[in-house]
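Visitor: Fold the following.
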Amino acid sequence: MKGNSQNPAPVYMDHAATTPLAPAVLEAMLPYFGASFGNASSVHHLGRVARGAIENSREKIAAHLHAKPEEIVFTSGATEANNLAFNFLSAGEHLATSSIEHKAVLEPIKTLESSGVQVTRLAPNPETGVLSTDDIAKSLGSSTRLVSVMYVNNETGAVTPLKEISALRDKHDFFLHTDAAQAAAWFPIDVNRLGVDMMSLSAHKMYGPKGIGILYVRDRVQLMPQIFGGSQERGRRGGTENVAAVIGMTAAMDLIANDRDAHASRVTKLRQELQTQLTAAVGDQLVVNTPANAAPHILNVAFKPIDGKPLDGEMLLLNMDLEGVYASAGSACTSGAITPSHVLLGLGVPASTARASLRLSLGRLTGEEDIKATVTCIHKVVKRMQAQRQYEG
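Guide: Predicted structure coming up:
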């Protein structure tokens, strides 16, 4: 996004929502929108080209995860992958999860609960932002089949110690699933070192295209399909494969693997600088909801009420948008009204503060000038909104 002195370029601080498609990824995809347009289920030459591209991609993605190719199931994204991961559970079986998971986990679990699956929703530690391994251990029983916890929280950036949770299987027999959509661009994803049995990923969170993701399924898990009508994905997910998107996801994973550590280190420093500058600019009204050892790219902040008057979170976002800084709330917009984030409420943030929260999420192209512009914008907007509140009495 280019600009000039009269019209500065917009500042994109919403990479946790989606990332821009990398040029190299688009280039890799283009042939499959053109000459190589075949259906991967066709037996003729064009079909074989498409099939070869998909299986080559499956092998590459498996290598990135230290998995087997047959353990990779292509989906439309992490939401579908999460739903698919829970599909094997039956009435009477037990699942343990966190109360602050993404809705793409909480909603399918609610549906399972209505059909007789027993569910334990554990509260996170407000200091760390993640579940205590001891609390998970106490929730496990003879009927526990699955524990599902996200690797990186999509609102706060808190990182779950998956390896510690996996170690609980020394005494308990259960499968471990994680939604790692916010982790893949910033951390190496080795399913064996993490000890997970299922993992959901989405390409558009790591500079790939929208509409494609995967579910990694360890071969000991007997997955039940939820989309019928074809034998694709070894009978686990029916439907014609989106070849171009599969190629795009593979290219994106190749891209981030090349220099992930360097970008993670640089962006971590930028996020810390953003927090420091915001704290200096806003002062005691600022509440930081992101723990110290968070993922590199997410900073969640909120603003305390002044004299009992909460800041309007929706107006905060809209005013920032007008100033050319694009961010998200740490809350969901429902029927035109800001609803406090279940994540922040689950961490003990008062509703009046949670309604005025911001999720600022950085990316590979974020620079120091973006940090400065973001801080300047937020300080300007908050001061203006406070003055308006005082004027209104």
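
Visitor: Check whether residue 120 really touches residue 95, as I assumed.
Guide: Yes - taking contact to mean C-beta atoms under 8 Å, the distance of 7.4 Å between residue 120 and residue 95 places them in contact. No exception for glycine: its C-beta is placed from N, CA and C like everyone else's.

Visitor: of the two, who's got more company?
Guide: Neighbours per residue, other C-beta atoms under 10 Å: of residue 120 and residue 95, the larger number sits with residue 95, 24 against 18.

Visitor: Tell me which residues are up against the helix or strand hosting residue 74.
Guide: Element membership for residue 74, per DSSP states H and E: strand 72-75. Outside strand 72-75, the residues within contact range by C-beta atoms under 8 Å, 6 or more residues apart in numbering are 54, 58, 61-62, 65, 81, 84, 212-217, 223, 233-234, 236-237, 241-242, 246.

Visitor: who does that strand pair up with?
Guide: If you go by DSSP bridges, strand 72-75 pairs up with strand 213-217 (antiparallel).

Visitor: got the residue ranges for the helices in the protein?
Guide: 23-29, 45-65, 78-85, 103-114, 133-139, 162-166, 191-194, 243-282, 313-322, 342-346, 351-354, 368-392 (DSSP state H).

Visitor: Pull the fourth one out as CSV, backbone CA atoms only.
Guide: Translated: helix 103-114. Below are the C-alpha coordinates for helix 103-114, written out as CSV (Å, rounded to 0.1, in the frame of the first residue of the first chain):
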residue,chain,number,x,y,z
LYS,A,103,-15.7,-19.8,17.8
ALA,A,104,-14.7,-22.3,15.1
VAL,A,105,-14.0,-24.7,18.0
LEU,A,106,-16.6,-23.7,20.5
GLU,A,107,-19.6,-23.8,18.1
PRO,A,108,-19.1,-27.3,16.8
ILE,A,109,-18.4,-28.5,20.3
LYS,A,110,-21.7,-27.0,21.4
THR,A,111,-23.4,-29.0,18.7
LEU,A,112,-21.7,-32.2,19.8
GLU,A,113,-22.8,-31.5,23.4
SER,A,114,-26.4,-31.3,22.3
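
Visitor: Could you list the low-pLDDT ranges of the protein?
Guide: Within the chain, the set of residues satisfying pLDDT under 70 comprises 1-7, 330-338, 389-393.

Visitor: again, 80 this time
Guide: The model of the chain has pLDDT under 80 over residues 1-8, 330-338, 388-393.

Visitor: domain ranges for it?
Guide: Taking automatic domain parsing as the domain assignment, the record places the domains of the chain at 11-20+259-392, 23-256.

Visitor: Now for the closest residue in space to residue 226 that isn't next to it in sequence, how many residues are close by?
Guide: If the residues on either side of it in the chain are set aside, residue 226 comes closest to residue 87, at 4.9 Å by C-beta to C-beta, 6 or more residues apart in numbering. The number of residues packed near residue 87 is 14, by other C-beta under 10 Å.

Visitor: Compute the distance between residue 87 and residue 222, please.
Guide: Taking C-beta to C-beta, to the nearest Å as the criterion, residue 87 is separated from residue 222 by 11 Å.

Visitor: what does residue 251 give?
Guide: Relative to residue 222, and taking C-beta to C-beta, residue 251 is found at 32 Å.

Visitor: hang on, residue 116 packs against residue 94?
Guide: No - distance between residue 116 and residue 94: 10.9 Å, which falls outside the contact criterion (C-beta under 8 Å).

Visitor: who's more crowded, the two?
Guide: It is residue 94, of residue 116 and residue 94, that has more neighbours when counted by other C-beta under 10 Å, with 19 against 11.

Visitor: Beta-bridge partners for the more buried one, please?
Guide: residue 118, residue 144.

Visitor: and the residue sitting nearest the centre point of the chain, what are its phi and psi?
Guide: Note on the chain: the residue nearest the mean C-alpha position is residue 182, at 3.4 Å, using C-alpha atoms, centre = their mean. For residue 182, the backbone dihedrals are phi -90, psi 0 (criterion: degrees, to the nearest 10).

Visitor: Please apply the same query to residue 237.
Guide: Here is the backbone geometry of residue 237 (degrees, to the nearest 10): phi -160, psi 100.

Visitor: Spit out the contact partners of it.
Guide: Taking C-beta under 8 Å, 6+ apart as the contact definition, residue 237 lies against 73-75, 84, 225-227.

Visitor: now swap in residue 37 and tell me
Guide: Under the contact definition (C-beta under 8 Å, 6+ apart), the residues listed for residue 37 are 46, 50.

Visitor: could you measure it against residue 24, distance?
Guide: Here the criterion is C-beta to C-beta. By it, residue 37 lies 21 Å from residue 24.
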